[in-house]
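Peer 1: what would the 3D arrangement of this be:
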Amino acid sequence: MATKRDMIVRPAHDLGGLPAGPVVPSDHEMTPFEKSCHALLNVLAAHKLVNTEEKRRGVEDLGAEIIGDLTYYERWAVSASKVLIEKGVITSEELGARMNEIRDRLTEAAA
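Peer 2: Predicted coordinates:
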């Protein structure tokens, strides 16, 4: 667990110099979720709703444990969602309702 001093000096996403296993670079074809997320983030940026700095701040605000549990695009999706809620573009209730609609639609399609 990070000390209080470490949390002030080192943002949650900054892992440089910490003990870790080797980095194994790998390339993979993007999943449909990753492609959709990437496209949506580009649209949000083009419409000046969420910019790179806001997304980065949102990821940093997640904290080390959550960052470690999410994939790259999941981090960006959560961060962009938080920014849109903060700006009043959407509400958390609207986001939750839409997520439930999508989950239900995917469940029905899989059945």
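
Peer 1: contacts, neighbours, all on C-alpha from now
Peer 2: Will do.

Peer 1: what about Val23, which SS state?
Peer 2: coil (DSSP: H, G, I helix; E, B strand; the rest coil).

Peer 1: just give me the neighbour total for it.
Peer 2: The number of residues packed near Val23 is 6, by other CA atoms under 10 Å.

Peer 1: what about it, distance to Ile66?
Peer 2: From Val23 over to Ile66 the distance is 20 Å, taken as CA to CA, to the nearest Å.

Peer 1: please apply the same query to Val24.
Peer 2: Per CA to CA, Val24 is found 22 Å from Ile66.

Peer 1: tell me which of those two has more neighbours.
Peer 2: It is Ile66, of Val24 and Ile66, that has more neighbours when counted by other CA under 10 Å, with 13 against 6.

Peer 1: contacts only, for that one.
Peer 2: By CA atoms under 8 Å, 6 or more residues apart in numbering, no residues touch Ile66.

Peer 1: which helix or which strand is home to Lys82?
Peer 2: helix 72-86 (DSSP states H and E).

Peer 1: run the chain-centre distance for stretch 41-52.
Peer 2: Distance, stretch centre to chain centre, for stretch 41-52: 14 Å (CA atoms, centre = their mean, to the nearest Å).

Peer 1: likewise stretch 65-75?
Peer 2: Distance, stretch centre to chain centre, for stretch 65-75: 6 Å (CA atoms, centre = their mean).

Peer 1: now for that stretch, what's the gap between its first and last residues?
Peer 2: End-to-end span of stretch 65-75 (CA to CA): 12 Å.

Peer 1: ok, stretch 46-66 next?
Peer 2: Terminal-residue distance, stretch 46-66 (CA to CA): 28 Å.
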